[in-house]
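In: quick one: sequence and predicted model below, then my questions.
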Amino acid sequence: MIKAITGTRDILPQDIPKWKYLENIVNGIFSKFNYKEIRTPIFEETALFARSIGETTDIVSKEMYSFIDRGGTSVTLKPEMTAAVVRALIEHSLEKKQSLNKFFYISPMFRQERPQAGRFRQFHQFGAEVLGSNDPLLDAEIIIMAYDILSSLGLKKIVVKINSLGVPESREKYKLILAEYLKKYHDKLSAQSKKRFDSNILRIFDSKENQDQKIMEHAPLLIEHLDDESLEHFEKVKVALLGANIPFEIDAKLVRGLDYYTHTTFEIVSRSVGSQSALCGGGRYNLLVKELGGGDIPGIGFAAGMERILLACENEKSFSVKEEEIDIYIVTLEKELIQKAYQFAVNLRRSGLIVDLDYLSRSVKAQMREANKASAKFVIFFGGNELNQKEIVMKDMKTGVQVNIKFDDVDKIIFTIKGR
Ligand code: HAM
């Protein structure tokens, strides 16, 4: 039997209501902040991600779904959206039409990671990207939106962590200081951290290995070596967050796994989902547009993992969605009437009601069971006797009250049901 690929999942109809609930909240909050939706292709040229996320990052070096297409081009299923949004901005010169562009998206992403609870190979992100301003108020705005979405879902066990990675000049100087410190412990570092020592030294802060964590506990921190401008920017972000009542922690060891960040970085983690605890993450990327061939356009954004968020919601029982119900189930009392019942159903549907009926020639009892299973608000009985009188019987499933309604009096049915 052919099964879904490891790390991918079907979202079955029974789970769709909670996805829609989440998507509605996401759409609502982004619209209130005047962000416009953008949709980009599922795959892009591999070079786009390699150049933006960084050749030495885990994503680019080992997690991308890349293949050579029949035309000989190396293409990659998108592992994230930031690079794609920036590509679209440059390609369509959107900055010329509007100097500040605020985008949001909801889309599947692909990373060949080791699957575990909350970590998939096809997963879904919603996120936002703002291009065109270095205003720290926008750094705060991005964090506020992320926090407001999670709060609107009823999540309580969440922590906002923020940090600043400053600008490349101060970061390069700091890397030398960190390297100097780590030289003393080089032998004791894990094999992976030894590799990162040469390729991406900041990422050693991300190591889950005990031996590395012990060493990093006393490592010098980037935030202590930031230039004045970066510190001032960070200060303004904090003030704006305080003003918006966002509780946050400063996590000087938060480095993030993508190379394009400058200044603010942040993550919101959940204390209710186990090891894959980052519900969302993001930060500023003032140099990315230029690196990808565009103008000197600063940017900031974030993305959130929807599977992880829904897992956190489930663990915290933070919201419940009402079972989907239908307006009418038509129970046909005699088999010969099915054609008529069918036409009646089509007409009611065209008038805006959610209607279903039996397609399996089931007994009246089985049809009633089906009506209950579908949580029908009303059942309409189609029987020969009533039809002879040009009537149908309509039963309110909540109160049990039955009324006879003239067959042609569809308006009355619609009125009664829509009024409920
Ligand atoms: P990221 O931290 O790689 O950032 O991903 C953002 C979120 O996507 C994570 O916090 C997590 O919730 C979710 N996620 C990532 N990988 C997986 C996975 N394999 N399975 C399930 N969920 C996952 C970015 O993607 C950046 N583009 C964020 C950004 C936007 N920075 C600036 N703008």
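Out: Looks like it came in fine.

In: C-alpha from now on. contacts and neighbour counts both.
Out: OK.

In: and this protein, what are its domains?
Out: Domains of the chain are assigned by automatic domain parsing as 16-167+227-316, 176-219, 326-418.

In: right, so these: which one is the most enclosed?
Out: domain 16-167+227-316 (a mean of 19; mean count of other CA atoms under 10 Å).

In: give the rounded mean pLDDT of that one.
Out: Regarding domain 16-167+227-316, the rounded mean pLDDT is 97.

In: make sure Lys102 is indeed in a strand.
Out: Yes - checked against DSSP: H, G, I helix; E, B strand; the rest coil, Lys102 lies within a strand.

In: if I pick the closest residue to Leu357 other than its chain neighbours, what's in contact with it?
Out: Nearest residue to Leu357 in three dimensions, chain neighbours excluded: Ile330, at 4.9 Å (CA to CA, 6 or more residues apart in numbering). For Ile330, the contacting residues are Ala341, Ala345, Val355, Asp356, Leu357, Asp358, Val379, Ile380, Phe381, Phe382, by CA atoms under 8 Å, 6 or more residues apart in numbering.

In: can you flag which of those belong to helices?
Out: Ala341, Ala345 (DSSP state H).

In: for the stretch 151-300 of the chain, what lies in contact range of the ligand?
Out: Residues of the stretch 151-300 of the chain found near the ligand (CA under 6 Å from any ligand atom) are Ala278, Leu279, Cys280, Gly281, Gly282, Gly283, Ile300.

In: secondary structure and distance to Asp227 for the residues you listed - can I get that in JSON lines?
Out: Listed next are those as JSON lines, based on DSSP: H, G, I helix; E, B strand; the rest coil; distance: CA to CA, whole Å:
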{"residue": "Ala278", "secondary structure": "strand", "distance to Asp227": "28"}
{"residue": "Leu279", "secondary structure": "strand", "distance to Asp227": "30"}
{"residue": "Cys280", "secondary structure": "strand", "distance to Asp227": "27"}
{"residue": "Gly281", "secondary structure": "strand", "distance to Asp227": "24"}
{"residue": "Gly282", "secondary structure": "strand", "distance to Asp227": "21"}
{"residue": "Gly283", "secondary structure": "strand", "distance to Asp227": "18"}
{"residue": "Ile300", "secondary structure": "strand", "distance to Asp227": "20"}
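
In: any residues touching stretch 211-227, and which ones?
Out: Stretch 211-227 is contacted by residues 163-167, 170-171, 174, 177-178, 181-182, 185, 188-190, 193, 204-205, 207, 252-253 when judged by CA under 8 Å, 6+ apart.

In: how does it look with 7 Å?
Out: Outside stretch 211-227, the residues that touch it by CA atoms under 7 Å, 6 or more residues apart in numbering are 164-166, 170, 174, 178, 181, 188-190, 205, 207, 252.

In: quick check: the farthest pair among those?
Out: Gly166 and Lys188 (28.9 Å; CA to CA).

In: now the domains of the chain in JSON lines, with distance to Arg9?
Out: Shown next, in JSON lines, are these (distance: least, CA to CA, whole Å):
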{"stretch": "domain 16-167+227-316", "distance to Arg9": "8"}
{"stretch": "domain 176-219", "distance to Arg9": "27"}
{"stretch": "domain 326-418", "distance to Arg9": "25"}
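
In: which residues of the stretch 251-400 of the chain fall in helices?
Out: Along the stretch 251-400 of the chain, counting by DSSP state H, counting those that start in this stretch, helices occupy 288-291, 306-316, 338-350, 364-373, 384-388.

In: possible to save those as a markdown table with distance to Pro247?
Out: What follows is the helices of the stretch 251-400 of the chain, written out as a markdown table (distance: least, CA to CA, whole Å):
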| stretch | distance to Pro247 |
| --- | --- |
| helix 288-291 | 29 |
| helix 306-316 | 19 |
| helix 338-350 | 48 |
| helix 364-373 | 44 |
| helix 384-388 | 65 |
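
In: list the contacts of Gly384.
Out: Counting by CA under 7 Å, 6+ apart, Gly384 touches Glu334.

In: roughly how far does it sit from Val403?
Out: Using CA to CA, to the nearest Å, we find Gly384 at a distance of 16 Å from Val403.

In: what of Tyr342?
Out: Counting by CA to CA - Tyr342 and Val403 are separated by 21 Å.

In: ditto for Tyr35
Out: As judged by CA to CA, Tyr35 and Val403 stand 50 Å apart.

In: as a markdown table, the contacts of Ile330 with distance to the ligand and pLDDT would be great.
Out: Shown next, in a markdown table, are these (distance: CA to the nearest ligand atom, whole Å; pLDDT from 0 to 100):
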| residue | distance to the ligand | pLDDT |
| --- | --- | --- |
| Ala341 | 46 | 93 |
| Ala345 | 42 | 95 |
| Val355 | 37 | 97 |
| Asp356 | 37 | 97 |
| Leu357 | 39 | 97 |
| Asp358 | 40 | 96 |
| Val379 | 43 | 96 |
| Ile380 | 45 | 95 |
| Phe381 | 48 | 95 |
| Phe382 | 49 | 91 |
